[in-house]
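J.: just need the structure, nothing else, for what follows:
(4 chains)
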Protein chains: 2
Amino acid sequence: MQNTQNRITIKDIAKRANVSPRSVSLALNNEGRLSSATRENILKIAKEMDYQPNILARGLVNQKTYMIGVVLPYLTNSFFTNIISDIEERCLADGYDILLGNSSSTIKSEKGSIERMVNRRVDGIICCPDPRYFEFYNKLLGTGIPLIQIMTHIKGIDAKSLLVDDEEGGFLATNHLLELGHEKIGFVSFHEDYYEEIQLRGQGFRRALVKNGISLDLERFEMPSDLTIKGGYDAAVKLLQKNPDITAIFSSTDLAALGVIEACLDVGKRVPEDISVVGYDDIDFASLQIRYPLTTIAQPKDQIGALAFEMLKSLIAGNQPESILLKPELVVRKTTGQK
Amino acid sequence: MQNTQNRITIKDIAKRANVSPRSVSLALNNEGRLSSATRENILKIAKEMDYQPNILARGLVNQKTYMIGVVLPYLTNSFFTNIISDIEERCLADGYDILLGNSSSTIKSEKGSIERMVNRRVDGIICCPDPRYFEFYNKLLGTGIPLIQIMTHIKGIDAKSLLVDDEEGGFLATNHLLELGHEKIGFVSFHEDYYEEIQLRGQGFRRALVKNGISLDLERFEMPSDLTIKGGYDAAVKLLQKNPDITAIFSSTDLAALGVIEACLDVGKRVPEDISVVGYDDIDFASLQIRYPLTTIAQPKDQIGALAFEMLKSLIAGNQPESILLKPELVVRKTTGQK
DNA sequence: CATATTAAGGTAAACGTTATACCATTCATA
DNA sequence: TATGAATGGTATAACGTTTACCTTAATATG
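T.: Residues are numbered from 1 along each chain as shown, chains lettered A, B, ... in the order given. Model (predicted):
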């Protein structure tokens, strides 16, 4: 099948309307000085011929594509797809489109995605940068492309960020457990240290302990993990072995929390009667769990997409938006209870 | 901040290399007859200047954008995001990018998304069309744009489709229950009839009954629902009221199945000891359920994205790929058991 | 009535590529 | 020694818009 797409151009309309291409352009964009008679005639003909503007050509001369790049990890993670969905909604309203990129698999894919978007001359980029690529992003920003980093950020690069206060989140989670009377609390942390944000959750954990005058031997109560389900499971098993008197566990992600709960149940502990579990992220399935809907820290995900787009738009318009730090919220469901 | 993006063009390189722009183009695309000396020199300079091709300009002259549009409903549904993720992976390998569209909210958004993509001159579209928009799609296809419909299809339009055999899926689910000895089986159906695919699940359900010589009063055993969690919950409550002797329920989606299970547990039935539940889709949280991992029908989601892209590529290349009907699979987990 | 102003629209050049067509050389061949 | 092919390159015109800069005619101004 030949692609015989609608190739009506502005010139075709011009010919039919007996005017110059310029007049057609003016009429279509409702600009300039044209008699309303010609203007209306042109618009009528354009409609008749089912004219569709070629946005490429327009972009070429305007130096503006009305496309933004969105590069997030884990396109299958509902947390990120919620954000994309929100951004998309905002984009539409402003005539922007989203060029999608996935940074999850490899270094190559994150840098590759961004480079492709630059080549496509997107007007700006929203991304969740891997903190290890300082050099790359630093150079990228040197070219002046508007970029907003969300959820994570790279220290020292010249880009505004939209973050959620992970330290506060860690504090909220832990404080909730303390208020329920728990004192022996396990913490499932992340085994890599380059993501500052996730480490901050641990700082919040520690601050809450200190504030409540509780001192724990962190060598025993903190267990690093890759934060997958299996990772959470293994971490919980070890925590319970080391500390049989544990009555609560705070997991750095919901996914790992799932594993934690499985592990607790498998060793015969009831949740939350014998052991309370708090997750982090409020990922979709946290609320969708049958019988074990997860108590967790919710990121304000319904704001993130929209705010990020606003910031980017402002940047594109030449302004200097401020970085934003959003506050997380505790969502109490059924996996935590009184000690 | 001014956007001072990298605006090195082919002409800048030409000047530095003392050759014509044409030669630069040839060198960069590794075409034509150029002495290896000049070719290498050009490439070297291009690299030094950190040249990035302008894909817009290229697309304008080639009449090819190397972008494809992907328009799916529910960007937040992991089933669809898995597909997008797979398509994206394939795209990359072939130098394509994805322009994202969401058709979930309104008619306007589905048609709007597609129209925007056409204006952007995408090389092709993968979509999940709403069967009610026959006219729109029919006209669209008249323009010759390559389009592949996945998961759903519109009867009578000239577009190839990639579908999964929902009738077979319904059969598999029901047959599984019958093999476990269940005879009084409830069925949660979809309350709208325009999605032929979902109705087919019901046909498979009925075929399995007939094949096993079981006759049920479908007035009593089939319950229409909107297939949300709440819808599933309500449907199950009604089914159990009408038929206290029910020992199994087949739900047209996993989401509704979640509600079904909640309802069963709430009226004091154990799952699967007292009542077995089968879902449909194998959505992420089906396997992520703590204690209630769902027995369900899995769509071959790891194939769909890749196959759809291959079909589209073939179409773009001017070939006529065949429509494909994939087979679903039964995944037995923990919500079904012997009667 | 001469001149300035303005309304309405045209011409042609951009934007950054690639494609078509053509022009020089050089070198082997009859 | 013409002739033809191979080699290495260039000039120019697209692609579909927008825009800077003209032109013309009509109207206003004094």
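J.: C-terminal to the helix or strand of chain A with the lowest mean pLDDT, what's the next element?
T.: Each helix and strand of chain A was given a mean pLDDT (mean pLDDT, DSSP states H and E); the minimum falls on helix A:107-119 at a mean of 85. Using DSSP states H and E, the next helix or strand after helix A:107-119 towards the C-terminus is strand A:124-127.
J.: who are the packing partners of whatever helix or strand comes next after that following strand?
T.: Following strand A:124-127 in sequence order, the next helix or strand is helix A:134-142 (DSSP H and E). Counting contacts by 3 or more CB pairs under 8 Å, 6 or more residues apart in numbering or on different chains; DSSP states H and E, helix A:134-142 packs against helix A:107-119, strand A:147-150. Backbone N, C-alpha and C define where each C-beta goes, glycine included.
J.: switch the cut-off to 10 Å
T.: helix A:107-119, strand A:124-127, strand A:147-150 (3 or more CB pairs under 10 Å, 6 or more residues apart in numbering or on different chains; DSSP states H and E).
J.: next, format the ones you listed as JSON lines and append distance to B:Gly69 and mean neighbour count.
T.: Output for those, formatted as JSON lines (distance: least, CB to CB, whole Å; neighbours: other CB atoms under 10 Å in any protein chain shown):
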{"stretch": "helix A:107-119", "distance to B:Gly69": "16", "mean neighbour count": "19"}
{"stretch": "strand A:124-127", "distance to B:Gly69": "20", "mean neighbour count": "25"}
{"stretch": "strand A:147-150", "distance to B:Gly69": "25", "mean neighbour count": "25"}
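J.: now the residue nearest the centre of chain A, nearest residue through space, not along the chain?
T.: Centroid-nearest residue in chain A, with CA atoms, centre = their mean: A:Phe80, separated by 4.7 Å. Counting by CB to CB, 6 or more residues apart in numbering or on different chains, A:Phe80 lies nearest to A:Leu72, which is 4.5 Å off, once chain neighbours are set aside.
J.: just A:Asn243 next, same as before
T.: A:Arg220 (5.8 Å).
J.: run a quick neighbour tally on that neighbour.
T.: Residues within reach of A:Arg220, counting by other CB atoms under 10 Å in any protein chain shown, total 14.
J.: mind listing residues that contact the helix or strand where it lies?
T.: Using DSSP H and E, A:Arg220 sits within helix A:218-221. Identification of contacts with helix A:218-221 by CB atoms under 10 Å, 6 or more residues apart in numbering or on different chains yields A:184-187, A:189, A:202, A:205-206, A:209, A:238-239, A:242-243, A:246, A:249-250.
J.: buried only: go through these for me.
T.: A:184-187, A:189, A:202, A:205-206, A:209, A:238-239, A:243, A:246, A:249-250 (16 or more other CB atoms under 10 Å in any protein chain shown).
J.: so which of those residues belong to strands?
T.: Cross-referencing the buried ones among the contacts of helix A:218-221 against strands under DSSP state E gives A:185-187, A:189, A:249-250.
J.: out of the residues you listed, who's nearest B:Arg16?
T.: When these are compared for distance to B:Arg16 (CB to CB), A:Ser189 wins out at 52.5 Å.
J.: domain parsing of chain A, as residue ranges.
T.: A:10-53, A:65-165+A:301-327, A:166-299 (automatic domain parsing).
J.: gap between the longest one and the chain center?
T.: Centroid separation between domain A:166-299 and its chain, computed with CA atoms, centre = their mean, to the nearest Å, is 22 Å.
J.: ok, the shortest one next?
T.: Shown here is domain A:10-53, whose average C-alpha point lies 42 Å from the average C-alpha point of the whole chain (CA atoms, centre = their mean).
J.: next: stretch A:326-337.
T.: 20 Å.
J.: dump it to PDB, restricted to CA.
T.: Provided in PDB are the C-alpha atoms of stretch A:326-337 (Å, rounded to 0.1, in the frame of the first residue of the first chain):
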ATOM      1  CA  LEU A 326       6.800  18.700  47.500                       C
ATOM      2  CA  LYS A 327       5.700  17.100  50.700                       C
ATOM      3  CA  PRO A 328       4.800  13.400  50.900                       C
ATOM      4  CA  GLU A 329       1.900  12.100  52.900                       C
ATOM      5  CA  LEU A 330       1.300   9.200  55.200                       C
ATOM      6  CA  VAL A 331      -1.500   6.900  54.000                       C
ATOM      7  CA  VAL A 332      -2.600   4.500  56.700                       C
ATOM      8  CA  ARG A 333      -4.200   1.300  55.400                       C
ATOM      9  CA  LYS A 334      -4.200  -2.100  56.900                       C
ATOM     10  CA  THR A 335      -0.700  -3.300  57.300                       C
ATOM     11  CA  THR A 336       0.100  -1.300  60.400                       C
ATOM     12  CA  GLY A 337      -1.500  -1.500  63.900                       C
END
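J.: quick one: A:Glu115 and A:Thr143 touch, right?
T.: No - contact status for A:Glu115 versus A:Thr143: not in contact, 11.2 Å apart, counting by CB atoms under 10 Å.
J.: what do those two both touch?
T.: Counting by CB under 10 Å, 6+ apart, the common neighbours of A:Glu115 and A:Thr143 are B:Gln52.
J.: still on that earlier bit, need the domains of chain A in CSV with distance to B:Gly95, can you?
T.: Rendered in CSV, the data for the domains of chain A read as follows (distance: least, CB to CB, whole Å):
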stretch, distance to B:Gly95
domain A:10-53, 25
domain A:65-165+A:301-327, 8
domain A:166-299, 31
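J.: so for DNA strand C, which of the ones you listed sits nearest?
T.: Smallest distance to DNA strand C across the domains of chain A (CB to the nearest atom of the strand): 3.3 Å, for domain A:10-53.
J.: does any part of the closest one sit near DNA strand D?
T.: Yes - Domain A:10-53 comes into contact with DNA strand D (CB under 7 Å from any atom of the strand), by way of A:10-11, A:21-22, A:25-26, A:28-29, A:31, A:51-53.
J.: is any residue of that domain near chain B?
T.: Yes - Domain A:10-53 is in contact with chain B by CB under 10 Å from any CB of the partner chain, via A:50, A:52-53.
J.: pLDDT on that domain, on average?
T.: Average pLDDT, domain A:10-53: 93.
J.: so is that domain next to DNA strand C?
T.: Yes - for domain A:10-53, a contact with DNA strand C is found by CB under 7 Å from any atom of the strand, at A:18-23, A:32-35, A:37-39.
J.: re earlier: mind listing what's buried along the strand or helix carrying the residue nearest to the centre of chain A?
T.: Applying DSSP H and E as the criterion places A:Phe80 in helix A:78-94. Neighbour-count burial for helix A:78-94, counted by 16+ other CB under 10 Å, picks out A:78-92.
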